[in-house]
Structures are given as C-alpha cells and as structure tokens.
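Here is a sequence together with a model predicted from it:
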Amino acid sequence: MDRSEYRRLKKQYRADAKQRWADLKAVRKQRRRDGLTWAERRAARKADRQEIRAWKAEIAAASPKLERKAQRKGYRWFKRRQRRWIGWIAFGVVIALIASLFGWWYASATTPLTDEQAATREASLPVAEQVQAEGSVLLENEGGVLPLRDEPVAMFGIGSVEPVYSGGGAGGISATGAQSLYDAFDEAGIDYDADVRDVYGNWATSGEAKADDWTEPEGGIVETLLPAVGGFLVATPEEMPADELPDDVVAAAAERADTAIYVVSRAGTETIDLTLEQMSLSAAERDTVELLDERFEHVVVLVNSTNVMELGFLEEYEHVDAALWIGGPGETGASAVAAVLTGEVNPSGRTVDTWAYDVESNPAVANTGDFEYTDASGEPSGRTFTDNLEGIYLGYRYYETFVPDAEYDRVVQYPFGYGLSYTDFAWNVVSTSADADQITATVEVTNTGDVAGKDVVQLYYSAPYTPGGIEKSAVALGGYAKTDVIEPGASDTVTVTFATRDMASYDDRDARTWVLEAGAYELQVARDVHDPVASFSWTQSETVVLDTDSATGAEVTNRFDDEVRDDLTWLSRADPAGTAPTAPTGERLELPEGLLDRDYEHVVDPSVEEPTTGAEHGIMLEDLAGLPIDDPKWEPFLDQFTAEELVAFSGNGAYWSIAIDRLGIPRTTMYDGPTSIRSFLEAWASVAFPAPVVLASSWNVDLAHEVGLAMGAEAQAYGVDAVYAPSLDLHRSPLGGRNFEYFSEDPLLTGTLGAAYSSGIQEHGTTTVVKHFAGNLQETNRAKFGLYVWAPEQAWRELYLKPFEITVKQADAHGVMTAFNRVGSTWAGGSAPLLTDILRGEWGFEGFVITDAGIGPQGEHFDALQAVEAGNDLMLDLPLDLPGPGTFEQQLSSYLEEDRAGTLSALRDAARHIAYYVLQTNRI
C-alpha cells in the first residue's frame, strides 16, 4: 500500500468514526427519552462498551500494517470525542458548583472559632508537638554533632523553605498556617544564615537565586477557602541546582558557620505512588551535598520524607556527620524538630520500616506498579493487578529471614525498630517467663548518660520452622513498651507481655486455620529487630489447632479459597532462589481465563421472604439505646422503614448518614481524619497533627491514645460524629503513596497504635471508621475498575487483616471503610467472606461499614446491592447534598424492581448496622 492510499483510508475511517459517534449520540438520546431504568441503562452501556471493544479487536486483526494504522486513526478520533464530551460536562458541572458554593466557603473561612473549638485546639497543639518530639528518629550522630552547639548554622535545600508537612489526599493538610522550619528556629533561638534562606525562598517563589529579602508568601484563594483541597495536592518540591547558589553567599555562610543543615524532602500522596528515582538523591541534591561537604566542617541532614529513602550517601562524605528523620511534621511539629536539634528534646523515635541501601532489594518492589492484563487479542483489558509474591515476607520479615548475617550490614542500613539517642541506656532483664498462656519480659532501663531521655524495649519471637511446612518469618514482633522520661542515673522498669497463642501461624493449606506448632519458640529482648540484648525460650509440647476465635468463640477457617491464584508462586523459605519474586511478564500479563465472569451479577433467591416495611409501631431509635444489636426490640423498629427510606439510608452516604425524622434518626456527619479532621467543602479544620507515620515512630501507645483524645474533643467541638481514620494498611513497598498515612510495615505495631488512637477518639462519642479494609497497599490503579490483589490467605490473615482485627477487638471500633481494590477477584466492598464471615462473624464487629469514595470513574466497579448483600452498609457518594436520588440510590431502586425481597432483606441488615452506629454517637 502506498502513502496516497493510506491517506485516503485514513480520511475514510475518520469519516466512519464520525458517523459511529453520531449514531451513538442518537441512540443515547433516544434512551433518555425512553426513560430506561438504571439496570436497563447499565446493560445498554455495557453493550456499548462491548461493541467498542469488538471494533478495537477488529482493528488489531487488520492487515497490512498501514491498513491497521489507518483504522486506528479513526478509532482514536472516536475515543477522543468521547472523552472531550465527558470532559466538557465535568468542567461545566465543576464551574457551576464552585460558583454556587463560593459564598458558603467564604463564610466558613471567615467565621471565628467558638469557645469550645478554640479550647480544644489549644489542648491539641502540645499533643501534636509531642508526637513530633517522640517520633523524630536520630539515624546518625557521628562525633556527637547533635545537639547543636550555641553557634550559627546555615540551612540549605528547597525543603528548608518548602518543607513537606504531610502527604497528600485525604490524609493531607494545608501548608497555609503550618509553622515553617525557620519560624521554629526563630522560636528556639537558633542563629541561622538569613542570606541562604533568602536565596532558597526567592528561588521557590520566583525562580531567581538571589539574596534579596524574602518573605514567606501567604496562601492563595484555594488554600484560604478550601485548605483541604490544597492539602490534597501535595508534591515533592524540586531541588534548586547547586550551581545556582551564589558563591559569595555560600562562602560567607561557611565563614560564619561550621555546621550546615541540609533538608531533603519527599512527599507521598493519595492516588500516586513514588517512583524508584524518588527513592534516592537527585543530581541537584547530590551536587548540593557535595558542595556542603567541601565547604562546611559538619553537615546535618534533615530527612523530611514521608517514605523510606536510600540514604547510603550519608556514609559517602567525610563531613556528613548526623541525620535526623522528621517525616511530615504537620501544623506545629517544626517546633519539636528545632527542640530536638538544640537538645531541648532528646529524640526517642524508632524506625517503623526497614531502611535498605537499595529499595529494590525489597521483594515487594518488583510487583508494585502499573500492571494491566491483556485480553485474548493482546490488547489492554482495562483490568489491573498486583501479584504479592513475597507472601508473608513483608519488610523486616524478608530481610531477617533471607539475608545472611554476613551480608546483612551491606543490605540493611537501618533495621526495623532502630533509633539513636543523645544519651546511653543500660538494660537489666529483671525477669522473663513463658507458659501456655503468656510470654513476659521485664526490663529495667537505666540512663547511664548525661541527659534525660526515653527508650523503647522490643520483644521478638522466632517460631519453629519445618522446610516445606507452614511459612514462617525468622522473627516477628511480639510486643513492645516505651519508658517514661528517665533522668541521668535513674531507672524505669517496663514489662512487655503478649499471649502465647499470638505466636501461631495461619496454615491456609492443611489445617485451614491458626496453628501453634510444637517445638521451641525463641524469644529475644532487643533494641531493634537485629540487635538482641537477651533471649529465652518457650517449648510448645504439642501442636495446637486454634480454630476458634479467642474473643468471640467463632469458627476460624479459610474464607478466600476462591480468591487465591494456584498458578502463582509465593516466596518460600524452602526454595528462596526458585521462588524469588519477579515482575510480571509473559503469561502473568494475560487475562486469567474466566476472570471477567467473576464480576458481580445479582441472582434472585426465590426462598428469601420479603421483610415487613412501613409498619407503625411507634418505636423511636432512642428507645433502643443501650440494647445489644441483636435484641428482639430491633425487629419491630426495622419493620417501620419504608422501602424508599431503606434505599436512601444505605445509598446516600456522602460524608454523612441521613436523618429519618419520623423514626427519631438524626443526621450524622463524617469527615476525613488521619491527620486532621476536616471537610473538603469547608474551610475549617482541626489541628493538623504530624503524619501518622511519625506517630507510629514514637512507638508510644499512650501517646497514640492522647492523640485520639485530642482529636475526639475537637471532633465534638465541630459537631463531627465519625472520622475516616485511622488508616491501617501496611507499608508493603517503600514506594507506597500513602505510607505517610499508614503506620508501619508491621501489623502488630500498626494495630496496637491504631487501637489506642481509636479508643481515644471514641471516648468522646465520635466513631472511628478504620480504613481501607483491606489490601489498599498501593495507589497506582487502586480504583481502576478495582485493582486485583493476589496473595495467599496466610498473608491476608497474618499481615493485611491483622491491624484491623486488633483495632476492632481492642478498641471496639464502630466503623470500617472498605477499599477500592479487590481481594483476589472480588471488590473488597462487595466481599461477603471479608465483611460478613471474618469482620462480623469471626471478630464480632457490630458497627457499620462504608465504601471508599465511589465518585465518578473510581466507583465504576461499585455495585450497591453487591455491597449491602456482602455486609457493606453505606455507599460513599458525591459529597454534595443535591436534590434527587444519587447514583447508588438509583442502583438500589432498580434492584428493588428486579428483586424486591432480596434487596429489602439486605437493606434491612444495613439499616440495623447504620442505626446502631448512630446510637453510639452523641446525637442521641
């Protein structure tokens, strides 16, 4: 085919595409006139997509190459036209909403705090500072460079003027009003070089590296009226090239100060994972470190990163002496950072992840990212996935199990649980005990140094392993305790205890439940996971099968047999080389046979009896206060709901639960809350605490409880009944965009801190909605028609579900938010094994379950009836109280017509759970 023929075909196929587009518009217009039901519209849209996919497949099979290319030109015109139409509608809607809401936003931004709000804010501020004080981790301190002497310093790095205060998204905060590092230095009396500050400040605001006087800019209109939106949009600041630094400014700074502080910043955010390139220094950052190493006697690195980074460079330069990880300090944490630098506060934080020299040594990294199945024609299927081939060997569980001691120090820079202090501590293991019920270690910690400080005692266990048997990490955290402040020469005694059955492993192959195998269990009292101080053991005389839950007595057995890929190979101690995780290639990228057939399709069960609706018993919700959720009085109360009320009660959960006045059900409000309780559509926000990963790094359960108490008090002051927090997913990979919002790579540390935080908030009558249940372990593709997360049930049980289990049981959390992703092939929000069998059945959860934000395309795979049938009670829709039914209410109404009995039965259960949650608030 010659080029002229190709041009003719291209023109022809574009004309064909235009006609196809015109025909599709006409068909859709007719459908709107016909008043189709939601189910009919859904079926029609599905048919449209199938027709477009078939067209795409025909093009893929066309030949010769130029013919295929010409046809693709037409297809691409058609797709652009689709997106353009949707884009203009979305743009128009957004503009209309902004215009209508501007007045409300302005009023919200200018309304002064009430006395109660002001009082609770003042009470929260010192707690937030304490989180940063105890969560900062001293990584290096060669020659005791820190704390700083009473001498001038010069602070470099774009992060010095644009620090990362937290991550982005629901757990983000607005930088407007947050205390800057320089303001904190002023407050602490640290003498810094103003010219260096001005150079970086001017570069950040104008792109000019000049030493003219610089003033930190005030927030713009978005930050003022909608700080939550500004907080959502967080990015890592781009470093200024080192050669832009005026030489005279650097020379004058080096003449005046012996010590340079370099701030290196990284920000994680919702929807976007970090890249491998972001894990190490950029060329501009490395050039700056080299410059400082040449010019200054001492260089202190502030690691202002919400994620683990590669910090091997700290060992490459002669004058880089100290490093302090500060994470994201939140609204007021910069004061605590300055206090740590001056020695007013002695750092006592410990790492919550393994810091490896090369993040790609972490086996999860190979299977973190953008992986999409191809269909039978080799074209993208639109279905994305992650193969969690590392199985149970997440974080330190991998490094401690598979990295030989001889190589360990070359692979791991800072082990899990690591952190330095300005003082020294001597440990005396006073006593240890182990029996069939409990493991205990009591340690006397004595401060042998010159300044007061806190220490952390950690207790690990090693379970007996049989090659080819149940997979077991070489070591796992069993418990921990943080001391009080210990003055020089004084001591504090702490006791770490955990249940012996907590050392059981989940056997998903044979026993299909928890098993405490016979053999010797080694216990280690340690400063970090790789630094034991003392050891003892417990011998389990016989294998015990733990097939009933210790708290509820419910049967515990495999629930995910249909959600595990038998054709995938999980990492195993029996064959490390042969089972080492690799990135997907070849057949692993092909759409598994029958996978699309597992998408939800409702099946009518004729045996279900239609429940009573619209009865008049005169029972109000307050009449049920204090009664168990299964009390018989609930039944006549639920009989009073009409079908329409049941649909609205479950289908309309856009940051609230609706009121039904005639039944005495008040409206409740729900807001985001991992770092700050706030609304996307209002200007107010509670105190923005340091990022949750900083709280986790404190290793302080009591402090986590204090944070919960403080945030709970603020929630009540603002009339907030539930907060979408804490976030309990794990740091599966260093690249995770929301690692700042999650606590740790370890499930026990995550769960115990999450439980303490939750119990604190709920003491005030505000419900915690723990999230994202379960498996939201990466941001990439999380909501792209539901990311398929493949892992063995053992990994789900021992890792991904464990923090939620601990929090539900220890804190009696009343709310759970489900995840966008799938557990295997089933959307988490529509998984009955997850929500009914495990959450409610095994763990005894009695609260309500809500979806993640099913707004627009990210909720395309949500089905409201699938959700309520599975035990997901409330649908989180667009957070605007618009007239008329929303997307999910329309879905449920359509299902009522198709299967009235089944739909009402599921909605009745959901109404019970939502109403029970309302009773736990202060609304009644």
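All right, it came through fine. Numbers count the residues shown, from 1 in each chain.

From residue 143, how far out is residue 328?
29 Å (CB to CB, to the nearest Å). C-beta: built from backbone N, CA, C; applies to glycine.

again with residue 865
For residue 865, the distance to residue 143 equals 66 Å [CB to CB].

Between these two, which is the more surrounded one?
Per other CB atoms under 10 Å, whichever of residue 865 and residue 143 has more neighbours is residue 865, with 24 against 8.

Which helix or strand contains the spatially closest residue to the more buried one that is not a sequence neighbour?
Once flanking residues are discounted, residue 865 sits nearest to residue 895: 4.6 Å by CB to CB, 6 or more residues apart in numbering. Secondary structure assigned from DSSP states H and E places residue 895 in helix 887-898.

my read: the residue nearest to residue 865 touches residue 602, true?
Yes: at 6.6 Å, residue 895 counts as touching residue 602 under the criterion of CB atoms under 8 Å.

Looking only at neighbour counts, state which of the two leads.
Neighbours were counted for residue 895 and for residue 602 using other CB under 10 Å; residue 895 has more, 27 against 15.

Let me see the contact set for the more buried one.
39, 602, 864-865, 902-903 (CB atoms under 8 Å, 6 or more residues apart in numbering).

and the two most separated of the residues you listed?
Spanning the widest gap among those are 39 and 902, at 13.8 Å by CB to CB.

Between those two, which has more neighbouring residues?
A count of neighbours by other CB under 10 Å puts residue 902 above the other of residue 39 and residue 902, at 22 against 16.

Tell me how far the more buried one lies from residue 608.
Applying CB to CB to residue 902 and residue 608 gives a distance of 5 Å.

Equivalent analysis for residue 285, please.
62 Å.

Break the protein into its domains for me.
By the record's domain assignment, the chain is partitioned as 3-100, 115-359, 421-547 (automatic domain parsing).

Compare these and report which one is nearest to residue 614.
Shortest distance between residue 614 and the domains of the chain, using CB to CB, is found for domain 3-100: 22.6 Å.

got the phi/psi numbers for the closest residue in space to residue 177 that isn't next to it in sequence?
Leaving aside its chain neighbours, residue 177 sits nearest to residue 331 (6.6 Å; criterion: CB to CB, 6+ apart). Main-chain dihedrals, residue 331, degrees, to the nearest 10: phi -70, psi -40.

how far away is residue 331 from residue 179?
7 Å.

Please identify which of those two sits among more neighbours.
With neighbours defined as other CB under 10 Å, residue 331 and residue 179 compare such that residue 331 has more, 26 against 21.

who's in contact with the more buried one?
With CB under 8 Å, 6+ apart, residue 331 has these contacts: 128, 165, 173, 177-179, 676, 687-689.

Check residue 527 too.
Residues 417-418, 456, 458, 533 are the ones in contact with residue 527 under the rule CB under 8 Å, 6+ apart.

same check, this time on residue 492
Contacts of residue 492 by CB under 8 Å, 6+ apart are 444-445, 483-484, 486.

Flag the helix or strand of this protein with the lowest per-element mean pLDDT.
None of the helices or strands of the chain scores lower by mean pLDDT, DSSP states H and E than helix 221-225, at a mean of 62.

about what we covered before: looking at the contacts of residue 492, which are in strands?
Taking DSSP state E, the ones among the contacts of residue 492 that sit in strands are 444-445.

Sort out which of the contacts of residue 492 are buried, if you could.
With burial judged by 16 or more other CB atoms under 10 Å, the buried subset of the contacts of residue 492 is 444-445, 483, 486.

returning to what we had before: measure the residue nearest to residue 865 to residue 887 for me?
Going from residue 895 to residue 887 by CB to CB gives 13 Å.

for residue 458, same thing?
Applying CB to CB to residue 458 and residue 887 gives a distance of 48 Å.

between those two, which one's more packed in?
Counting neighbours by other CB under 10 Å for residue 458 and for residue 887 shows that residue 458 has the greater number, 27 against 18.

I'd guessed the more buried one sits against residue 475; true?
No: contact criterion CB under 8 Å: residue 458 and residue 475 do not qualify, at 10.6 Å.

Need the overlap of contacts for these two.
Listed contacts common to residue 458 and residue 475 are residue 529; contacts here mean CB under 8 Å, 6+ apart.

Residue ranges in the protein under the pLDDT threshold?
1, 38, 79, 81-109, 219-231, 680-681, 683 (pLDDT under 70).

Just put the buried ones among the contacts of residue 492 in CSV and tack on distance to residue 670.
Supplementary listing: those in CSV, determined by distance: CB to CB, whole Å:
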residue, distance to residue 670
444, 46
445, 42
483, 37
486, 42
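
from the residues you listed, which single one is nearest residue 643?
Among the buried ones among the contacts of residue 492, and counting by CB to CB, the member closest to residue 643 is residue 483, at 58.7 Å.

What's opposite the closest residue to that closest one other than its chain neighbours in the beta bridge?
Nearest residue to residue 483 in three dimensions, chain neighbours excluded: residue 492, at 4.3 Å (CB to CB, 6+ apart). Using DSSP bridges, the beta-bridge partners of residue 492 come out as residue 445.

Residue 650 versus residue 492, what's the distance?
Look at residue 492 and residue 650: by CB to CB, they are 51 Å apart.

same check, this time on residue 618
With the distance defined as CB to CB, residue 618 ends up 24 Å from residue 650.

from memory residue 860 sits against residue 827, does it?
No: if you go by CB under 8 Å, residue 860 and residue 827 don't touch, sitting 10.7 Å apart.

Neighbour count for the two, which is higher?
The neighbour count for residue 860 versus residue 827, taken as other CB under 10 Å, is higher for residue 827 (27 against 12).

Please tell me how far that one sits from residue 805.
From residue 827 to residue 805 the distance is 21 Å (CB to CB).

again, but for residue 267
Distance from residue 267 to residue 805, counting by CB to CB: 31 Å.

likewise residue 563?
Separation of residue 563 from residue 805 (CB to CB): 18 Å.

go on, residue 39?
37 Å.

List the neighbouring strands of the helix or strand in which residue 299 is found plus their orientation.
Taking DSSP H and E as the definition, residue 299 sits inside strand 298-305. Applying DSSP bridges to the sheet, strand 298-305 is found paired with strand 259-266 (parallel), strand 320-325 (parallel).

buried set for the longest one?
Neighbour-count burial for strand 259-266, with 16+ other CB under 10 Å as criterion, is recorded at 259-266.

Using PDB, write out every CA atom in that strand.
Taking Å, rounded to 0.1, in the frame of the first residue of the first chain, the C-alpha atoms of strand 259-266 are listed here in PDB:
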ATOM      1  CA  THR A 259      27.600  23.500  60.500                       C
ATOM      2  CA  ALA A 260      25.300  23.200  57.500                       C
ATOM      3  CA  ILE A 261      21.800  21.700  57.800                       C
ATOM      4  CA  TYR A 262      20.600  20.100  54.600                       C
ATOM      5  CA  VAL A 263      16.800  19.400  54.200                       C
ATOM      6  CA  VAL A 264      15.900  16.600  51.700                       C
ATOM      7  CA  SER A 265      12.200  16.300  51.200                       C
ATOM      8  CA  ARG A 266       9.900  13.600  49.700                       C
END
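
how distant is that strand from the center of its chain?
Its chain's C-alpha centre lies 26 Å from the corresponding centre of strand 259-266 when counted by CA atoms, centre = their mean, to the nearest Å.

got it, and the shortest one?
In terms of CA atoms, centre = their mean, the centre of strand 320-325 is found 27 Å from the chain centre.

How many residues are close by residue 553?
When neighbours are counted by other CB under 10 Å, residue 553 comes out with 9.

where does it land in three-state SS?
coil (DSSP: H, G, I helix; E, B strand; the rest coil).

Numbering from 24 from now on, please.
I'll keep to 24 as the first residue from here, and by that count the last item is residue 576.

For it, what are phi and psi?
Per-residue torsions, residue 576: phi 80, psi 0 (degrees, to the nearest 10).

ditto for residue 744
Backbone torsions of residue 744, given as degrees, to the nearest 10, read phi -100, psi -20.
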